[in-house]
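Trainee: missing the sequence, but the structure's below:
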């Protein structure tokens, strides 16, 4: 069935191409010989194109809350806690997270709040080998031969008094991204398909002031909240922004991954709210070739995403166009961007049960009551087949996987299944 579908997909596409080539000014039905030749070539070329062809791909994001403070330690003392739990293969919270991934079975998944561990044997590979490749609660094992991770700004000390408490210290609030140690709340991308690491772009060092239309935090009296020296060096991203090219069907999917800061835990200057919005606005501008010409990545390459690219924006964006304490313009602009496909927000029964009196509850992705996590596909190159949020009903046999924050996470896995379409 899969082979037949692949043949139809490629064959029909080639039929249109060959129809134009052989008889651009007439229909195929005008000439039986041309019709037969076109179908013959389409069928045979289609069969040659079947090798490794994937007609449907499932892409997901999941804030897994796998940062060190979850494992019995606090502050800087938690820096190595995740690595220790990954080595054992026995931590129940991590087992439940792996079980959720095994049930949903995404081809590509971004994990937010997976601490940065420089040695992949102790981090990414340990999670894959000790948890995902072991059956969890009766689920089928799953393997991701490709992964990407990189340093982030969380816990990286600025050397400035960023919270204006009069102390330049080593605390989490004076780091370029809130964190008690370097790499807390980091990210990890897992993939069944090859990652072009040489072409991957990271924007950890991209300066906030260099974002077109950047919103500078100010005190109630109008004075700048940050010192001039700090603002000159302030990175936009609280973690990082990644453009990860993945090779599928002799083409490229650009995974645009990030985890903007929560728009709270600040004061009247709204520094976190403004940063959250601008971290999201980064992607809207990155998708616009004109607006992103001045963007320079950590590798020294300039510009944004090429026009017509196939992409998916992924991550816990900590923003909703309709709810929450954050600013709304940034997330609205991204969801309404002309290169983004039109689709309804994924929904779940469990979210609806958790807040039955909230008309937006079914689309919530976090237990604290908001749509915060997104899988946003491009308009070009995709047709949405299915989508969802792993938030089972309290009556479901799988409810134990999401029963509380300590069971797995305070966020839910969000997924979208996409049918491969020719790019225009």
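Mentor: Looks like it came in fine. As the structure is a prediction and not an experimental result, all values here were calculated from the model.

Trainee: So which residues of this structure form helices?
Mentor: 2-23, 32-48, 81-88, 92-104, 124-127, 228-233, 271-286, 329-335, 349-354 (DSSP state H).

Trainee: which residues sit against the fifth one?
Mentor: So that's helix 124-127. Helix 124-127 is contacted by residues 83, 86, 87, 94, 98, 114, 117, 147, 149, 188, 190 when judged by Cβ atoms under 8 Å, 6 or more residues apart in numbering. (C-beta placed from N, C-alpha, C; glycine too.)

Trainee: try it again with 6 Å
Mentor: 86, 87, 147, 149, 188 (Cβ atoms under 6 Å, 6 or more residues apart in numbering).

Trainee: In the stretch 1-150 of the chain, where is pLDDT below threshold?
Mentor: 1-52 (pLDDT under 70).

Trainee: can you rerun that using 50?
Mentor: Applying pLDDT under 50 to the stretch 1-150 of the chain flags residues 1-51.

Trainee: before we move on, the earlier item: please pick the buried ones from the contacts of helix 124-127.
Mentor: 86, 147, 149, 188 (16 or more other Cβ atoms under 10 Å).

Trainee: What's the separation between the first one and residue 92?
Mentor: Right, the one you point to is residue 86. 13 Å (Cβ to Cβ, to the nearest Å).

Trainee: Over to the last one?
Mentor: Between residue 188 and residue 92 the distance is 20 Å, computed by Cβ to Cβ.

Trainee: show me what contacts residue 252?
Mentor: By Cβ under 6 Å, 6+ apart, the contact list for residue 252 reads residue 245.

Trainee: From residue 200, how far off is it?
Mentor: Using Cβ to Cβ, residue 252 is found at 11 Å from residue 200.

Trainee: Go ahead and confirm residue 58 touches residue 107.
Mentor: Yes. Using Cβ atoms under 6 Å, residue 58 is in contact with residue 107, at 5.2 Å.

Trainee: ok, how many other residues are close to residue 65?
Mentor: Neighbour count of residue 65, defined by other Cβ atoms under 10 Å: 20.

Trainee: which one is it nearest to, not counting chain neighbours?
Mentor: In space, and not counting its chain neighbours, residue 65 is closest to residue 409: 4.1 Å by Cβ to Cβ, 6 or more residues apart in numbering.

Trainee: and the one you found, what does it touch?
Mentor: Shown in contact with residue 409 (Cβ under 6 Å, 6+ apart): 63, 64, 65.

Trainee: Tell me the one of those residues nearest residue 423?
Mentor: Proximity of these to residue 423 (Cβ to Cβ) peaks at residue 63, which lies at 30.3 Å.

Trainee: Would you confirm that the closest one contacts residue 112?
Mentor: Yes. Contact criterion Cβ under 6 Å: residue 63 and residue 112 qualify, at 4.1 Å.

Trainee: Which strand residues bridge residue 384?
Mentor: residue 418 (DSSP bridges).

Trainee: Could you check how far the residue nearest to the spatial centre of the chain is from residue 61?
Mentor: Central residue of the chain (Cα atoms, centre = their mean): residue 314, 2.0 Å from the mean position. Computed as Cβ to Cβ, the residue 314 to residue 61 distance reads 5 Å.

Trainee: How about residue 152?
Mentor: 16 Å.

Trainee: higher neighbour count, those two?
Mentor: residue 61 (32 against 26).

Trainee: Any idea how many residues pack against residue 332?
Mentor: 16.
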